[in-house]
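S.K.: Have a look at this fold, sequence not included:
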């Protein structure tokens, strides 16, 4: 079975599945890109070849990579909480004057 991407290229579903699962385990392969034009594949393209739990795991890993790359984004410190918090700084002073939750 083949799947079509937003960029108009195609891949076999098994290869896309294996690529996404590999990226979920090895973060240096994030984000998943088209093998032909190297454009980042949107979630709807990836979802075609994944089980729901695999898609959720990929999104979680991608979100954690984004949080790690942005010093203004942090995870809530409460264990089990999945909220992401954006730190708002005044004049580059620390600690933050305001904390804003990001949905």
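M.R.: Yes, it's here. Predicted, not measured: the structure shown is a model, and the values here were computed from it.
S.K.: only C-alpha atoms for contact and neighbour calcs from this point on.
M.R.: OK.
S.K.: Any buried residues in the longest helix along the chain, and which?
M.R.: In the chain, taking DSSP state H as the definition, the longest helix is helix 52-69. For helix 52-69, the neighbour count (16 or more other CA atoms under 10 Å) marks 54, 55, 57, 58, 61, 62, 64, 67 as buried.
S.K.: From residue 46, how far off is the residue nearest the centre of the chain?
M.R.: In the chain, the C-alpha closest to the average C-alpha coordinate belongs to residue 62, at a distance of 2.1 Å (CA atoms, centre = their mean). Residue 62 sits 13 Å away from residue 46, going by CA to CA, to the nearest Å.
S.K.: same thing with residue 16?
M.R.: Residue 16 is 7 Å from residue 46, by CA to CA.
S.K.: Among these two, which residue is more densely surrounded?
M.R.: residue 16 (24 against 21; other CA atoms under 10 Å).
S.K.: And the helices in this protein?
M.R.: Using DSSP H, helices in the chain cover 13-25, 43-47, 52-69.
S.K.: The shortest one packs against which elements?
M.R.: Taking 3 or more CA pairs under 8 Å, 6 or more residues apart in numbering; DSSP states H and E as contact, the helices and strands that helix 43-47 lies on are helix 13-25.
S.K.: what angle sits between the helix it packs on and helix 52-69?
M.R.: 40 degrees (axes from the mean of the first three to the mean of the last three CA atoms, to 10 degrees).
S.K.: What's the mean pLDDT across helix 13-25?
M.R.: Mean pLDDT, helix 13-25: 92.
S.K.: Pull out the buried residues from that helix.
M.R.: Neighbour-count burial for helix 13-25 [16+ other CA under 10 Å]: 13, 16, 17, 19, 20, 21, 22, 23, 24.
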